[in-house]
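S.K.: output the structure for:
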Amino acid sequence: MLSISNAATAEDVRDETGDRILAAAASCVRDFGIDRVALAEIARRARVSRPTIYRRWPDTRAILAALLTQRVTGVLRDIPAVGTDRAAVVRRVVAAAARLRDDDLVMAVLHSAPELAMVYIAERLGTSQQILIDALAADLAGAQAGGTVRAGDPRRLATMVLLIAQSTIASARIIESILTADDLAGELTDVLNGYLSP
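M.R.: Here you go, the predicted model:
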């Protein structure tokens, strides 16, 4: 987090530099596509040296993973929980899924670099997925305390909700002739309410 004082600390500079590097990486993805992102170009656009980048990330793939984590966790931050019941939890999940489906970087990874996307869909949980599960589990525990979400381990429920929502994000394009974005949001709402109802 950036300091509000006039004197920048070493931590502030490191955060600012990292943010510049990630912003440069995002601009490279938009301009060249995932496959043609080069570390040298990221460094040029971020106005840093390549060793500065290597001190933070070992390669371009790691930068892209960090950028995805930043995007996904940013959605969580930008769509705060409004209420503590099941309806509020479901609204937040549906809104986050819609935002991620509209995110150019997330979609570029899903459709231009499927091998990178598949690591996080089929092989292992990434940092952003763990963060989402933790946040969702806390929301679900609150809704359980109020009696609007069924009994069960909130983390297990959150993991299943993540899998359901993730599927709608990854598959939205292939079914858009059948389900518009609004239709998909409505169906996801129904599915999640059915799954989570007591």
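S.K.: please make it C-alpha for all contacts and neighbour counts, starting now.
M.R.: Will do.
S.K.: now residue 57, nearest residue through space, not along the chain?
M.R.: Excluding its sequence neighbours, the residue lying closest to residue 57 (Cα to Cα, 6 or more residues apart in numbering) is residue 63, at 6.1 Å.
S.K.: which ones are touching residue 143?
M.R.: By Cα atoms under 8 Å, 6 or more residues apart in numbering, residue 143 lies in contact with 84-86, 89, 149.
S.K.: pLDDT at it, what is it?
M.R.: Residue 143 is assigned 98 on the pLDDT scale.
S.K.: what about it, distance to residue 99?
M.R.: With distances taken as Cα to Cα, to the nearest Å, residue 143 is found 23 Å from residue 99.
S.K.: ok, back up a step: quick one, what contacts the residue nearest to residue 57?
M.R.: With contacts defined as Cα under 8 Å, 6+ apart, the neighbours of residue 63 are 22, 25, 57.
S.K.: dump the residues you listed to JSON lines, plus neighbour count, secondary structure and pLDDT.
M.R.: Shown next, in JSON lines, are those (neighbours: other Cα atoms under 10 Å; DSSP: H, G, I helix; E, B strand; the rest coil; pLDDT from 0 to 100):
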{"residue": "22", "neighbour count": "21", "secondary structure": "helix", "pLDDT": "95"}
{"residue": "25", "neighbour count": "25", "secondary structure": "helix", "pLDDT": "94"}
{"residue": "57", "neighbour count": "16", "secondary structure": "coil", "pLDDT": "94"}
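S.K.: columns distance to residue 139 on top of those residues, output as a markdown table?
M.R.: What follows is these, written out as a markdown table (distance: Cα to Cα, whole Å):
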| residue | distance to residue 139 |
| --- | --- |
| 22 | 29 |
| 25 | 32 |
| 57 | 32 |
